[in-house]
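Asker: Pasted the sequence and its predicted model underneath.
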Amino acid sequence: MKKKGLFVLCLICITAGLLALGCQKQTTNKDSKSSLVMLERRDEGYFYGEIDLSQMTHSQMGEEYAKAIVSTFPDYEKHIDSLLKDQFDLLAAAKEAIGYDLNFDLCLTRATDIKRNLQPEYQDEIAGLLTIFNYNHDILGDGRLSQHEMLVFQLFGDVMRPTQCSGAAVFGEASATGATIVGRNLDWDLLQHDDASVLPTFLKIKDGDQSMVLINLLGLLVPLSGYNDDKIFVAALDAETLAPYPDTSNKRSYLFDYRYALAHFKTLEEAAAYLSMESYTMNHLVLMADQEKAQVLENNMGSPGRGLRSWDSPLQPGMVWGIADTIATVNDFRLPDNFATPDDPIDDVRWESYRNNISSALASGKIDVIKMEEIVGFSGTDGKPLPSGAVFRSDHIPSIQSMVIRMDTLETWVAFKPVGSTPLKPTYTQVFTDNPFAADQQ
């Protein structure tokens, strides 16, 4: 969730007290025992899974994925329950700054409404998960995972949004490969037990004639970041306007719609058009890329400025980009006629960091993967956006995943935040050394 003013100060103080409490121990097995879902824990600190939907129904997929999770990571329920408790404890402590009590019961009501508007296949997948994660008491902190708790976890972005994030991309004449190279940081509240750092996951799903990779947290059915075998990339970013939370009776999930777009569309333009038409609870941004370009979909609900931003798009008064074949995004809207975004210096300093660092990198030649790692891995002097302009953060909202992807080959590098620490500099590991869909396309 994006924080403003007093809310930021409140969360900083709360987080400082929580950091000393450390993180939970974890137990993992090397891989799952499910015959239909492959899931393994890799030594670099993330989970990798593969699911072929041609072998099962969507409800079976949800159930089999849940079984694989329990087999591979017996402590899973404890960590998700802990993550939810810590998140709601943080929100409760900040309710005076927020202006109301954003509690579990309220978020459950929101999630129940939105679930009814999901595509039927995704409702079936959630139902499959809930056959395994079905403890009958909603008690946060008890180490168990109820059906209601799992539902709120699946729809967190639509009901409580605990992420922030930033990203950049180069393409065309700015790219050393001539194709798009995209970088993306996933920033998440640093909670008492740091459970999110235990859960990074790459989930490859074959769905009909399309395949996709969802980059998220273990058990989620949506991409926080992701791409398909047509080389369309999407990533979610928060963009607050302080607009009142709307009625949920006719609202959809933007993260599940990202999943749908990856499963059904073969071009960036088709995916962007679909995501622009739907009605969502939260204003947000979508960093989008294909092999030739990258753009940012500024999804400000009801705004006349809602639309795709390109490198050469006119911007709001006083905002400047002007670097050909490059783009960046922080947590605000930049297109003209978008509704005003709350003034947040953190957005402005990170925007300037991207602009300055991309310009500096181009001064010595075109930008390759190493340079992009330096751009999205820029931590300033102290890992804090203020005053040093860090985009790779090690403050109270650290970057738990920082990734660089070559869109022509889909080679993927990711730096994962270690459990229990917030390093100043990211260390990238290569998750995919070539196209993960190559075998599917033969």
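Answerer: Great, that's in hand. Source: prediction; values computed, not measured.

Asker: tell me the SS of Glu121?
Answerer: Three-state call for Glu121 (DSSP: H, G, I helix; E, B strand; the rest coil): helix.

Asker: which parts of stretch 300-311 are buried?
Answerer: For stretch 300-311, the neighbour count (16 or more other CB atoms under 10 Å) marks 300-301, 303, 306-309, 311 as buried. (Glycine included, C-beta is placed from N, CA and C.)

Asker: export it as CSV, just CAs?
Answerer: Provided in CSV are the C-alpha atoms of stretch 300-311 (Å, rounded to 0.1, in the frame of the first residue of the first chain):
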residue,chain,number,x,y,z
ASN,A,300,-6.7,5.8,-13.1
MET,A,301,-10.3,4.8,-12.9
GLY,A,302,-12.7,7.3,-14.5
SER,A,303,-9.9,9.8,-15.4
PRO,A,304,-9.9,11.3,-18.9
GLY,A,305,-6.1,10.8,-18.9
ARG,A,306,-6.3,7.1,-18.4
GLY,A,307,-4.2,5.3,-21.1
LEU,A,308,-0.9,4.1,-22.4
ARG,A,309,2.2,6.3,-21.7
SER,A,310,5.1,6.0,-24.2
TRP,A,311,8.5,7.5,-24.0
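
Asker: quick one: contacts for Pro120?
Answerer: The contact partners of Pro120, by CB atoms under 8 Å, 6 or more residues apart in numbering, come to none.

Asker: Look up how far Ile126 lies from it.
Answerer: Noted for Pro120: a distance of 11 Å to Ile126, by CB to CB, to the nearest Å.

Asker: Repeat that for Leu53.
Answerer: Per CB to CB, Leu53 is found 15 Å from Ile126.

Asker: who's more crowded, the two?
Answerer: Ile126 (21 against 17; other CB atoms under 10 Å).

Asker: what's the burial count for the residue nearest to that one when sequence neighbours are not counted?
Answerer: Once flanking residues are discounted, Ile126 sits nearest to Gln154: 5.9 Å by CB to CB, 6 or more residues apart in numbering. As a burial measure, Gln154 scores 26 neighbours (other CB under 10 Å).

Asker: how near is Gln154 to Thr112?
Answerer: Counting by CB to CB, the gap from Gln154 to Thr112 is 12 Å.

Asker: Now do the helices in the stretch 251-400 of the chain.
Answerer: For the stretch 251-400 of the chain, the helices defined by DSSP state H, counting those that start in this stretch occupy 254-264, 268-277, 345-363, 369-376, 385-388.

Asker: just to revisit the earlier point, isn't the residue nearest to Ile126 right up against Arg259?
Answerer: No. The pair Gln154 / Arg259 is not scored as a contact, 11.1 Å apart, by CB atoms under 8 Å.

Asker: got any residues that touch both of those two?
Answerer: Common contacts of Gln154 and Arg259, defined by CB under 8 Å, 6+ apart, comprise 221-222.

Asker: Any chance of the backbone angles for the residue nearest to Ile126?
Answerer: Dihedral pair for Gln154: phi -60, psi -30, per degrees, to the nearest 10.

Asker: ok, it - contacts?
Answerer: 111, 126, 129, 220-222.

Asker: so can I have TSV of these showing secondary structure and pLDDT?
Answerer: Converted to TSV, those look like this (DSSP: H, G, I helix; E, B strand; the rest coil; pLDDT from 0 to 100):
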residue	secondary structure	pLDDT
Ala111	helix	98
Ile126	helix	98
Leu129	helix	98
Leu220	coil	98
Leu221	coil	98
Val222	coil	98
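
Asker: Can you select the buried ones from the residues you listed in PyMOL?
Answerer: To isolate the buried members of these in PyMOL, using 16+ other CB under 10 Å:
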select buried, resi 111+126+129+220+221+222
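
Asker: and of the contacts of Gln154, the nearest to Ile80?
Answerer: Lowest distance from Ile80 to the contacts of Gln154 (CB to CB) belongs to Leu220, with 9.9 Å.

Asker: so where's this structure uncertain?
Answerer: For the chain, residues meeting the criterion pLDDT under 70 lie at 1-34, 162, 442.

Asker: Recalculate using a threshold of 50.
Answerer: Within the chain, the ranges that satisfy pLDDT under 50 run 1-24.

Asker: so how far is Ile215 from the residue nearest the centre of it?
Answerer: Nearest to the geometric centre of the chain sits Leu224, at 2.9 Å (CA atoms, centre = their mean). Note on Leu224: its distance to Ile215, by CB to CB, is 6 Å.

Asker: Quick check: neighbours shared by those two?
Answerer: Jointly contacting Leu224 and Ile215 under the rule CB under 8 Å, 6+ apart are Gln401.

Asker: thinking again about what came up before, out of the helices of the stretch 251-400 of the chain, which gets nearest to Ala289?
Answerer: helix 268-277 (7.1 Å).

Asker: If you count neighbours, what's buried in that closest one?
Answerer: Those would be 268, 271-272, 275, for helix 268-277 by 16+ other CB under 10 Å.

Asker: Farthest pair within these?
Answerer: Top of the distance list for these (CB to CB): Leu268 and Leu275, 10.5 Å.

Asker: What is the burial count for the nearest residue to Ser279 once chain neighbours are set aside?
Answerer: Excluding the flanking residues, the one nearest Ser279 by CB to CB, 6+ apart is Lys251, at 5.7 Å. Neighbour count of Lys251, defined by other CB under 10 Å: 21.

Asker: Same check on Lys115?
Answerer: Lys115 - counted by other CB under 10 Å - has 19 other residues nearby.

Asker: Over to the one 3 residues further on?
Answerer: Residue crowding around Leu118 was assessed by other CB under 10 Å; the count is 21.

Asker: thought it was touching Tyr254?
Answerer: No. Between Leu118 and Tyr254 there is no contact under CB under 8 Å: 11.4 Å.

Asker: Pro223 is in contact with Leu255, correct?
Answerer: Yes. Assessed by CB under 8 Å, Leu255 is found in contact with Pro223 at 7.1 Å.

Asker: Identify the contacts common to these two.
Answerer: Ala236.

Asker: Restricting to C-alpha, output stretch 350-365 in PDB.
Answerer: Provided in PDB are the C-alpha atoms of stretch 350-365 (Å, rounded to 0.1, in the frame of the first residue of the first chain):
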ATOM      1  CA  ARG A 350      12.800   8.100  -7.800                       C
ATOM      2  CA  TRP A 351      11.600   9.400 -11.200                       C
ATOM      3  CA  GLU A 352      14.600  11.600 -11.400                       C
ATOM      4  CA  SER A 353      16.900   8.800 -10.400                       C
ATOM      5  CA  TYR A 354      15.700   6.700 -13.300                       C
ATOM      6  CA  ARG A 355      15.900   9.600 -15.700                       C
ATOM      7  CA  ASN A 356      19.500  10.600 -14.600                       C
ATOM      8  CA  ASN A 357      20.800   7.000 -14.400                       C
ATOM      9  CA  ILE A 358      19.400   6.000 -17.800                       C
ATOM     10  CA  SER A 359      20.900   9.200 -19.300                       C
ATOM     11  CA  SER A 360      24.200   8.500 -17.700                       C
ATOM     12  CA  ALA A 361      24.200   4.900 -18.900                       C
ATOM     13  CA  LEU A 362      23.400   5.900 -22.400                       C
ATOM     14  CA  ALA A 363      26.300   8.400 -22.400                       C
ATOM     15  CA  SER A 364      28.800   5.400 -22.500                       C
ATOM     16  CA  GLY A 365      26.800   3.400 -25.000                       C
END
